[in-house]
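below are the sequence and a predicted model for it; my questions follow.
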Number of protein chains: 2
Amino acid sequence: MLKQPILTAPHNCAECPIRHQAVCARCEPDELDALEEIKYYRSFEAGQTVVWSGDQMDFVGSVVSGIASLTQTMEDGRTQMVGLLLPSDFVGRPGRNGAAYDVVATTNLVMCCFRKKPFEQIMLETPHIAQRLLEMTLDELDAAREWMLVLGRKTAREKIASLLSIIARRDATLKPNDNPGTTVFDLPLTREAMADYLGLTLETVSRQMSALKRDGVIQLEGKRHVTVPDLIRLLEEAGDDTDGGVMA
Amino acid sequence: MLKQPILTAPHNCAECPIRHQAVCARCEPDELDALEEIKYYRSFEAGQTVVWSGDQMDFVGSVVSGIASLTQTMEDGRTQMVGLLLPSDFVGRPGRNGAAYDVVATTNLVMCCFRKKPFEQIMLETPHIAQRLLEMTLDELDAAREWMLVLGRKTAREKIASLLSIIARRDATLKPNDNPGTTVFDLPLTREAMADYLGLTLETVSRQMSALKRDGVIQLEGKRHVTVPDLIRLLEEAGDDTDGGVMA
DNA sequence: CGTTTCGTTGACTAACTTCAATCGTAGTGG
DNA sequence: CCACTACGATTGAAGTTAGTCAACGAAACG
C-alpha cells in the first residue's frame, strides 16, 4: 500500500473543514457546545476496517478527511460497495445498534465521532441536527438510486465512465477551474475497489480503463492520475443526459 | 390490463389502514388535525403515471393502498426501477421542487397527498413527523443498498429468488401463517416490471421463473399466483445468509 | 534483490441478451 | 357465439458481453 501522510484531526469545530457541510452544519454555537462534549476524533490508516457488519456500534460520526467505503459481502466472498463516504458524510444509524455494512478506510481517514446514546438524546432536543441529517439521508438515497441505474442497466464502459464522472464532478466543484473543460484528479480507489463499486471484475475495469485511454476519453499517468480533456465527452460515454440540462 | 376494483379512500385518519406505519405514525391527535387540513386523496388506475421525472411536484404523500414504482429511464429507453412503493411508503421530497423519478401506479393505487408548502411548514413545527420521516428514509436507504448488492453481484436466478423472497417475506408478515413454511402470494408485477427491477430482460426473467418452477423451488398457477413450499430453500437460492441469524 | 501488491493483457468460457416464433387468455366487435 | 386482436408470457437459436483462469509487468518496500 502506498504510504500516505496521516492527517491530523482539527482541534475544535471552528477550524473544522467540514463544519458547514456535515450533520452539524446548521448548529448554533450552543448546540455545537453540546456536541463538543460527546465528540472525539479517530484516525484510520488506508485499508483498516472502521466497523464490521453486524458488530455493535457505539458511535456515529462524520468523515472529516479521507475516503471510506460501505460494503456488503456474501458468504462466498462476492462483495458490493454500496456507498462511498467522502468528507462530511455521516456514518452510522441513530436508533439502531448493529452496523449493517462493513465500513473500510479506502485512504487514510479521520473521523469525528459522537458517542451514540448521548447523540441520540441531543438529536431529540436539537431539530437543527435532525433536519440536517434528514436532508443528508435523502441525498444519499438519491445517490444510491442513481447508482442502481448504473449497476442494473449500464455497460462496463458506461459504468467506468459514470464513476469517473462522479469523481471528476466532485473535484471540479472543489477546485476552481484552471483550464476550462479539462479536469485532472487522482483516483482514490484501486481497480479492485472500482470493480466492487461497479459490480464488475477488476480485469474488466482494467480493460475498460485501457479502452477509454486508447479512445482518448481519458489520459493516464501512472495508474491513478487521470486527465479528462473533455468532460462532456466523458458524460456522453457515461450514458448520462448531457443536453444542457441540470443533472437529475 | 386485468380489470381491478378501484379502491376507495378512507374518510379520515382514524380509519386509515396505514395510520400507524406512515409518516404520520407518531402524530398526536392535534398534529393529525393539522395534517387533515392540507390533505386530499387521489386514486390512480394500474399503469397510470403519478408523476413524471423532472416535473414540478406540488405535493408529497403516502401510498394508502396498491403498489407504485419509482423508475429511471435513459435516453435510449433502458429503464431501471429504483424503488417499490408499498402501502405506507412516502413519495416526494420535502425541500425540492422537481421529481427525480417517474412514479407509476403498478396496481390500482390510492394516495394520501399533502400540499407540499404547508407540509414543509408543519414538518418544521412537528418533530414527530420529521423523526418518522428520517426513520423511514433510513429504512429506504438500507433497502436501496441491499438492492445494490442484488443488482451488482447476483446471478439472474439469485435475482429472481431475491425478489420473490422480498414479496414472500412481506406477505408472511401481513398474513398469519396458515401452513407453517408454505407461503402463497400473487405477484404484483408483470415480467417486464420484474425485469426492470432486477436489471434483466423479460426473457431472462421468464426463463428463470420456469427454471425455479422446474426445480420445485416455486409452484405457479397461471402467471401470477406463486406458492413457495419451502421458504428456506428460496432464501438459499437467493444467496442470502440463512443460517439462523437475523437478516441484515 | 527478492517479495509483495497492484495492474495489464490474452485466451477461453459462461451467462445473459437479442431476435424471432409461438402460446394462452381476456376483451372486442361482427 | 365465435373469430379477431392485443398483451403478456414462454421458448428456441444465435450473438455479445463480461467473467474466469492464467501469465506477465511495474512500482514500492524491506
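Noted; the coordinates are in hand. This structure is a prediction, so every number in the text was calculated from the model and none was measured.

quick one: the helices in chain A?
Secondary structure of chain A by DSSP state H: the helices cover A:29-37, A:116-125, A:127-153, A:156-174, A:191-198, A:202-214, A:231-237.

now render the ones you listed as CSV, adding mean pLDDT.
Shown next, in CSV, are those (pLDDT from 0 to 100):
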stretch, mean pLDDT
helix A:29-37, 95
helix A:116-125, 95
helix A:127-153, 96
helix A:156-174, 91
helix A:191-198, 98
helix A:202-214, 98
helix A:231-237, 96
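
quick one: which of these is nearest chain B?
Closest to chain B of the helices of chain A, according to Cβ to the nearest Cβ: helix A:127-153, at 2.9 Å. C-beta: built from backbone N, CA, C; applies to glycine.

identify each buried residue in that closest one, please.
A:127, A:129-138, A:140-142, A:144-153 (16 or more other Cβ atoms under 10 Å in any protein chain shown).

next: stretch A:110-129.
For stretch A:110-129, by 16+ other Cβ under 10 Å, it's A:110-116, A:119, A:122-123, A:126-127, A:129.

convert the C-alpha atoms of it to PDB, please.
Output in PDB follows, covering the C-alpha atoms of stretch A:110-129 (Å, rounded to 0.1, in the frame of the first residue of the first chain):
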ATOM      1  CA  VAL A 110     -10.100  11.000  10.100                       C
ATOM      2  CA  MET A 111     -13.500  10.700  11.700                       C
ATOM      3  CA  CYS A 112     -15.300  12.900  14.100                       C
ATOM      4  CA  CYS A 113     -17.200  10.500  16.300                       C
ATOM      5  CA  PHE A 114     -20.100  11.100  18.700                       C
ATOM      6  CA  ARG A 115     -21.000   8.600  21.400                       C
ATOM      7  CA  LYS A 116     -24.200   7.200  20.200                       C
ATOM      8  CA  LYS A 117     -26.600   7.300  23.200                       C
ATOM      9  CA  PRO A 118     -25.900  11.000  24.000                       C
ATOM     10  CA  PHE A 119     -26.000  11.900  20.300                       C
ATOM     11  CA  GLU A 120     -29.500  10.400  20.100                       C
ATOM     12  CA  GLN A 121     -30.500  12.400  23.100                       C
ATOM     13  CA  ILE A 122     -29.100  15.600  21.600                       C
ATOM     14  CA  MET A 123     -30.800  14.900  18.300                       C
ATOM     15  CA  LEU A 124     -34.200  14.700  20.000                       C
ATOM     16  CA  GLU A 125     -33.600  18.200  21.500                       C
ATOM     17  CA  THR A 126     -32.000  19.700  18.500                       C
ATOM     18  CA  PRO A 127     -34.100  20.000  15.400                       C
ATOM     19  CA  HIS A 128     -31.200  21.600  13.500                       C
ATOM     20  CA  ILE A 129     -29.300  18.300  13.700                       C
END
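
quick check, it touching chain B?
Yes - on the criterion Cβ under 8 Å from any Cβ of the partner chain, stretch A:110-129 is in touch with chain B at A:124, A:127.

what does chain A put close to DNA strand C?
Where chain A comes near DNA strand C, counting by Cβ under 7 Å from any atom of the strand, the residues are A:1, A:190-192, A:202-203, A:205-207, A:209-210, A:220, A:223-224.

quick one: which of the residues you listed has the most company?
Among the residues of chain A next to DNA strand C, the one with the most neighbours (other Cβ atoms under 10 Å in any protein chain shown) is residue A:205, at 24 neighbours.

ok, it - contacts?
A:156, A:160, A:191, A:194-195, A:198 (Cβ atoms under 8 Å, 6 or more residues apart in numbering or on different chains).

can you lay out the residues you listed as CSV showing distance to residue B:44?
Shown next, in CSV, are the contacts of residue A:205 (distance: Cβ to Cβ, whole Å):
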residue, distance to residue B:44
A:156, 38
A:160, 39
A:191, 46
A:194, 41
A:195, 41
A:198, 36
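
which among these gets closest to DNA strand C?
Of all the contacts of residue A:205, DNA strand C sits closest to residue A:191, with 3.5 Å by Cβ to the nearest atom of the strand.

residue contacts, that closest one?
Residues in contact with residue A:191 (Cβ under 8 Å, 6+ apart) are A:202, A:205-206, A:209, A:223.

re the thing from before, select, out of the helices of chain A, the one closest to residue B:106.
Proximity to residue B:106 (Cβ to Cβ) singles out helix A:127-153 among the helices of chain A, at 17.1 Å.

can you list phi and psi of residue A:154 for me?
phi -100, psi 150 (degrees, to the nearest 10).

pull the number of nearby residues for residue A:57.
20.

check residue A:166 too.
Using other Cβ under 10 Å, residue A:166 has 17 neighbouring residues.

and it, how far is that from residue A:22?
Distance of residue A:166 to residue A:22, given as Cβ to Cβ, to the nearest Å: 20 Å.

and the helices of chain A: which comes nearest residue B:104?
helix A:127-153 (14.9 Å).

what's the angle from that closest one to helix B:116-125?
130 degrees (axes from the mean of the first three to the mean of the last three Cα atoms, to 10 degrees).

ok now helix A:127-153, how far from the chain's centre?
12 Å (Cα atoms, centre = their mean, to the nearest Å).

tell me how far the residue of chain A most remote from its centre lies from residue A:60.
Going by Cα atoms, centre = their mean, the residue of chain A most distant from its centre is residue A:30, 29.3 Å out. As judged by Cβ to Cβ, residue A:30 and residue A:60 stand 21 Å apart.

repeat for residue A:86
With Cβ to Cβ as the criterion, residue A:86 and residue A:60 are 17 Å apart.

and what of residue A:137?
On the measure of Cβ to Cβ, residue A:137 and residue A:60 end up 12 Å apart.

now for the two: what residues contact both?
residue A:90.

could I get the buried residue list for stretch A:220-235?
A:226, A:228, A:231, A:233-235.

wait, does that stretch contact chain B?
No - Stretch A:220-235 does not reach chain B (Cβ under 8 Å from any Cβ); its nearest approach is 11.9 Å.

could you export that stretch as CSV, CA atoms only?
Extracted in CSV, the C-alpha atoms of stretch A:220-235 (Å, rounded to 0.1, in the frame of the first residue of the first chain):
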residue,chain,number,x,y,z
LEU,A,220,-3.5,8.2,-17.6
GLU,A,221,-0.2,8.9,-15.9
GLY,A,222,0.7,6.0,-13.8
LYS,A,223,-2.2,4.0,-12.5
ARG,A,224,-4.1,6.7,-10.6
HIS,A,225,-3.6,10.1,-12.1
VAL,A,226,-6.4,10.9,-14.6
THR,A,227,-6.8,13.7,-17.0
VAL,A,228,-10.1,14.3,-18.7
PRO,A,229,-9.6,16.5,-21.7
ASP,A,230,-13.3,16.8,-22.4
LEU,A,231,-15.8,16.4,-19.6
ILE,A,232,-18.8,16.5,-22.0
ARG,A,233,-17.3,13.6,-23.9
LEU,A,234,-16.9,11.6,-20.7
LEU,A,235,-20.5,12.3,-19.7
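
any residues touching it, and which ones?
Contacts of stretch A:220-235 (Cβ under 8 Å, 6+ apart): A:161, A:164-165, A:168, A:172, A:181-187, A:191, A:209, A:213, A:216-219, A:242.

ok, how many other residues are close to residue A:17?
13.

distance check, residue A:237 against DNA strand C.
For residue A:237, the distance to DNA strand C equals 17 Å [Cβ to the nearest atom of the strand, to the nearest Å].

would you mind giving the buried residues of stretch A:220-235 as a markdown table with distance to residue A:48 added?
Output for the buried residues of stretch A:220-235, formatted as a markdown table (distance: Cβ to Cβ, whole Å):
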| residue | distance to residue A:48 |
| --- | --- |
| A:226 | 25 |
| A:228 | 31 |
| A:231 | 34 |
| A:233 | 37 |
| A:234 | 32 |
| A:235 | 34 |
